[in-house]
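Student: structure for the following, please:
(2 chains)
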There are 2 protein chains.
Amino acid sequence: MKPVNLAEKLSTFSEHWSPKIVAQYNGNDVMVVKAQGEFVWHSHDDTDDLFLVLKGTMTIQMREGDVTLGAGEMFVVPAGVEHCPMAADEVHLMIIEPRNTPNTGDVATAVKKIEI
Amino acid sequence: MKPVNLAEKLSTFSEHWSPKIVAQYNGNDVMVVKAQGEFVWHSHDDTDDLFLVLKGTMTIQMREGDVTLGAGEMFVVPAGVEHCPMAADEVHLMIIEPRNTPNTGDVATAVKKIEI
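Tutor: Have a look, this model is predicted:
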C-alpha cells in the first residue's frame, strides 16, 4: 500500500522500448517506458493501447494520420489500428495494456515485461 | 484521432468530485477530476480504482493506512477496499474506472459522468 512515483521508477532503468510494470489495474499492466527512435509498425487486435506522455514529445504514426503528444497529453490507439510510435528525442511514457499483451503485437518479437 | 491534453480538459470546468470522461480504453472511462476537501468512504466491489495525481497533493484514506500522493504519483485502490480521498487544497487527477462505475460506490448517490 504505497504510492508509485512514476519519475522515480523511470530513473531506475535506461533502455528504450522496454516497458516496466509498476502497478496492476483490473488485469491490466500499468507500465512506464522510455522510448527514442522509431518502433515497429504493429497492431493489437484485441485491445486498445493507452499512451500518456510524462516527459518529452512523441508521434504515434498511424495509416490514417499521425498524432503528436507532448507532456501531459494522452491518446488511446483503438484495437486493430496499425501504429508505429516514434520519438526524435527520448520520451517518458505511462502506458496501459492488458496483462501479457506483446508490445510488438507479436509474442515472437515482444520484449519481456518485468515488474519494478 | 487527436491527442487529449489533460490540463486543457481540466481548465474547462471548476466543480469538485465530478469526473469528466476524456477517453475510452477497453470499456473503461479515462477521466479527469478536480477535488478538494473530503469525499465519502466507499468501496467498489467489482473494480480496482486507479488514481494519478497531475497537480497538487491528496491522501487516500483507507482503513489499514493512508497513502499520500503528489504530482506524478499514482495508486490503485484494490477492489473491495474501503477508501476516502481527501485533499486540503485543490488537486487535479486522472482516474480510470470501468464505464458506469458509480464514483461513490452507490448508483443512488453517484454523480453523472459526462464526456468533455
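
Student: now the residue nearest the centre of chain A: which helix or strand?
Tutor: The centroid of chain A falls nearest to residue A:95 when counting by Cα atoms, centre = their mean (4.2 Å). When elements are assigned from DSSP states H and E, residue A:95 belongs to strand A:83-98.

Student: quick check: buried residues in that strand?
Tutor: For strand A:83-98, a neighbour-count test (16 or more other Cβ atoms under 10 Å in any protein chain shown) marks A:83, A:84, A:85, A:86, A:87, A:91, A:92, A:93, A:94, A:95, A:96, A:97 as buried. The C-beta positions use only the backbone N, C-alpha and C, and glycine is treated the same way.

Student: so what's the gap between it and the chain middle?
Tutor: Distance of strand A:83-98 from its chain centroid, counting by Cα atoms, centre = their mean, to the nearest Å, is 4 Å.

Student: packing partners for it?
Tutor: Contacts defined by 3 or more Cβ pairs under 8 Å, 6 or more residues apart in numbering or on different chains; DSSP states H and E place strand A:83-98 against helix A:6-10, strand A:28-38, strand A:49-55, strand A:58-62.

Student: try 7 Å this time
Tutor: strand A:28-38, strand A:49-55, strand A:58-62 (3 or more Cβ pairs under 7 Å, 6 or more residues apart in numbering or on different chains; DSSP states H and E).

Student: out of the ones you listed, which is the most enclosed?
Tutor: Among those, strand A:49-55 has the highest mean neighbour count (mean count of other Cβ atoms under 10 Å in any protein chain shown), at a mean of 22.

Student: thinking again about what came up before, distance-wise, check the residue lying closest to the residue nearest to the centre of chain A once chain neighbours are set aside relative to chain B.
Tutor: Using Cβ to Cβ, 6 or more residues apart in numbering or on different chains and skipping residues adjacent in sequence, the residue nearest residue A:95 is residue A:31, 5.1 Å away. Residue A:31 sits 12 Å away from chain B, going by Cβ to the nearest Cβ, to the nearest Å.

Student: much appreciated, bye for now.
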